[in-house]
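Trainee: Curious how this folds, go ahead:
(chains A and B)
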Amino acid sequence: MTYVALAYGFIWGAVFTYVLLVGRRVARIDAEIEDLRQRVKTGS
Amino acid sequence: MLSTMSSAQKSNTAFVVGLLLVLHGFFVVTLLVANAPLEKTMGIVQKIFYFHVPCAWLLMLSTFVCAAGSLAYLFRGSERGDRLALCSAELGVLFGLCVLVTGPLWARAAWGVFWTWDVRLTSSLLLWLMLVAYGLARRYGGAGGRRLASAMALFAAADVPLVYLSVNVWRTLHPTTKVVSSLAPGMRLPFFLSLAIFSALWGVLLTLRMRVERAQSRLLELTIVVEDAEEKSP
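Mentor: Purely as a prediction, here's the structure:
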């Protein structure tokens, strides 16, 4: 039972971590977009 | 209501609905797997099979999609193909890691050891390492890194038939490909449903990752335009 729980838990953990990493990348892109918006605003 | 939504909103709604369906599917699969009949010799450890095999299938699918995208990039210069290759390679690394962790857990109970240099295990490890190398070549390969990585993806795809057929061609400890067709009737529904749900999860993750990659490349284009404008302005 321990091995089954470990296997199942690992898969969920791995998928969850991957989604978190993609989420962090999205947050970084959002910050860059905001930065670009500010530059356009100050330049115009 | 749908008619008043923009295409981006519709796309987001479809994505969220897809994600919820996949999560619901995982709940159903978990219940089905828990209630599936126990295998006579392996006992409860055999239930790892319901997750291990779908992950292995997704490792192979990801490699083929990565190779197809790489071909489009190498021969047509397709940026979309390149993005598809990168995103599917990442998913190949993710699901390959799941295969390489869940397999040894099963092996420890079945064979008494976590790892043996069996042809199926070794070729699977090589396939995973090739996808890791693909990612490293893209990240640190410099100017020609994308083309180098694309060529590596073609080699990785050539390893997939070797991985799949190895258990039938060579004498190995690993069960052969006939294990799926010889499943007991009570095990078939949980297995094939698990396969379908894992594939759906792969589709959702690929869509999500492709969107992020597209946003990243659009942002890069816009940054270049803004920097050009800033240089030209007095």
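
Trainee: Give the burial count for B:E227, as a bare number.
Mentor: Using other C-beta atoms under 10 Å in any protein chain shown, B:E227 has 12 other residues around it. Just so you know, the C-beta spots here come from the backbone N, C-alpha and C atoms, and that holds for glycine as well.

Trainee: That one: which element?
Mentor: Per DSSP states H and E, B:E227 falls inside helix B:185-232.

Trainee: pLDDT averaged over that helix - what is it?
Mentor: Mean pLDDT, helix B:185-232: 87.

Trainee: and it, how far from the chain's centre?
Mentor: In terms of C-alpha atoms, centre = their mean, to the nearest Å, the centre of helix B:185-232 is found 12 Å from the chain centre.

Trainee: just checking, what packs against it?
Mentor: Taking 3 or more C-beta pairs under 8 Å, 6 or more residues apart in numbering or on different chains; DSSP states H and E as contact, the helices and strands that helix B:185-232 lies on are helix A:2-43, helix B:7-35, helix B:49-76, helix B:79-110.

Trainee: I'd like those helices laid out as JSON lines, including distance to B:V163.
Mentor: Compiled in JSON lines, the helices and strands packed on helix B:185-232 are given as follows (distance: least, C-beta to C-beta, whole Å):
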{"stretch": "helix A:2-43", "distance to B:V163": "19"}
{"stretch": "helix B:7-35", "distance to B:V163": "24"}
{"stretch": "helix B:49-76", "distance to B:V163": "7"}
{"stretch": "helix B:79-110", "distance to B:V163": "10"}
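
Trainee: out of the ones you listed, nearest to B:T41?
Mentor: B:T41 lies closest to helix B:79-110 among the helices and strands packed on helix B:185-232, at 8.8 Å (C-beta to C-beta).

Trainee: What helices and strands are in contact with the closest one?
Mentor: On a contact count with 3+ C-beta pairs under 8 Å, 6+ apart, helix B:79-110 meets helix A:2-43, helix B:49-76, helix B:119-140, helix B:145-169, helix B:185-232.

Trainee: who wins for proximity to B:V93 among the ones you listed?
Mentor: Closest among these, once you apply C-beta to C-beta, is helix B:119-140, at 5.0 Å.

Trainee: which residues are in contact with that closest one?
Mentor: Residues from elsewhere that reach helix B:119-140 (C-beta atoms under 8 Å, 6 or more residues apart in numbering or on different chains): B:56, B:59, B:62-63, B:66, B:86, B:89-90, B:92-93, B:96-97, B:99-100, B:103, B:115, B:145-146, B:148-149, B:152-153, B:155-156, B:159-160, B:162-163, B:166-167, B:170, B:172, B:174.

Trainee: burial of B:E230, as a residue count?
Mentor: 12.

Trainee: how many neighbours does the closest residue to it other than its chain neighbours have?
Mentor: Of all residues not flanking B:E230 in the chain, A:G43 sits nearest, at 6.1 Å (C-beta to C-beta, 6 or more residues apart in numbering or on different chains). When counting by other C-beta under 10 Å, one arrives at 10 neighbours for A:G43.

Trainee: before we move on, back to that, by neighbour count, sort out the buried ones in the contacts of helix B:119-140.
Mentor: B:56, B:59, B:62-63, B:66, B:86, B:89-90, B:92-93, B:96-97, B:99-100, B:103, B:146, B:148-149, B:152-153, B:156, B:159-160, B:163, B:166-167, B:172, B:174 (16 or more other C-beta atoms under 10 Å in any protein chain shown).

Trainee: which stretches of chain B have low pLDDT?
Mentor: Applying pLDDT under 70 to chain B picks out residues B:1-12, B:234.

Trainee: tell me the phi and psi of the closest residue to B:L173 other than its chain neighbours?
Mentor: Among residues not flanking B:L173 along the chain, B:D118 sits closest, at 5.1 Å (C-beta to C-beta, 6+ apart). Per-residue torsions, B:D118: phi -70, psi 150 (degrees, to the nearest 10).
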